[in-house]
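K.L.:
coords below, sequence missing:
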């Protein structure tokens with residue numbers, strides 16, 4: 001039964017989270033847990049979904065980012081161990097990359113959905129997760145040139 005599979009869905013805030021939330025039909029079929037960055041925008045997610053938060057860290061402040069990124073890696077390990085997902089699904093960016101590698105370390109499945117905003121060049125997180133992803137989904141047919149093993153899934157919007 002699908003209910004026995006545990007999903008961990010992770011992304012940064014903004015468009016990546018908006019895309020991830022388009023997968024909401026899965027929430028009725030599987031046990032799931034959301035992980036995103038803490039902000040005023042995401043505070044209300046906990047009222048509707050099981051949610052954990054990582055520290056928001058913009059890369060335009062390199063010194064602060066290094067500390068927040070390190071903190072987020074440690075917190076991701078604790079979230080992963082607490083939630084014990086079978087599958088990690090992400091639409092990316094920096095907060096998601098460590099969780100994908102943690103999942104692979106524990107021999108769990110990783111599904112990466114490359115950003116809809118990218119139709120001709122890869123994201124940094126996409127390039128980092130592509131080698132370990134069990135399923136790599138692109139939303140533009142043109143992205144198959146960049147990620148030959150990817151699956152074209154069309155737009156999730």
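P.N.:
Yep, it's here. Given the structure is predicted, the values throughout are model-derived calculations rather than measurements.
K.L.:
Next SSE downstream of the helix or strand hosting residue 20?
P.N.:
In this assignment (DSSP states H and E), residue 20 forms part of helix 15-21. Counting by DSSP H and E, the next helix or strand C-terminal to helix 15-21 is strand 31-37.
K.L.:
Report pLDDT for residue 106.
P.N.:
On pLDDT, residue 106 comes in at 98.
K.L.:
could you say which helix or strand contains the closest residue to it other than its chain neighbours?
P.N.:
Among residues not flanking residue 106 along the chain, residue 80 sits closest, at 7.2 Å (Cβ to Cβ, 6 or more residues apart in numbering). No exception for glycine: its C-beta is placed from N, CA and C like everyone else's. Using DSSP H and E, residue 80 sits within helix 62-83.
K.L.:
Check residue 132 too.
P.N.:
Applying DSSP H and E, one finds residue 132 in no helix or strand.
K.L.:
isn't it right next to residue 111, touching?
P.N.:
No - checked against Cβ atoms under 8 Å, the pair residue 132 and residue 111 is beyond contact range at 11.2 Å.
K.L.:
how about low-confidence regions in this structure?
P.N.:
1-3 (pLDDT under 70).
K.L.:
Tell me the secondary structure at the residue most central in space within the chain.
P.N.:
Centroid-nearest residue in the chain: residue 90, 2.3 Å away (criterion: Cα atoms, centre = their mean). Of the three states, residue 90 takes strand under DSSP: H, G, I helix; E, B strand; the rest coil.
K.L.:
ok, what's across the strand from it?
P.N.:
Counting by DSSP bridges, residue 90 is bridged to residue 10, residue 112.
K.L.:
mind listing what it touches?
P.N.:
Going by Cβ atoms under 8 Å, 6 or more residues apart in numbering, residue 90 touches 9-11, 20, 96, 99-100, 110-113, 125, 129.
K.L.:
between those residues, which is closest to residue 61?
P.N.:
Nearest to residue 61 out of the contacts of residue 90 is residue 125 (Cβ to Cβ; 18.5 Å).
K.L.:
Isn't that closest one up against residue 97?
P.N.:
Yes - assessed by Cβ under 8 Å, residue 125 is found in contact with residue 97 at 5.2 Å.
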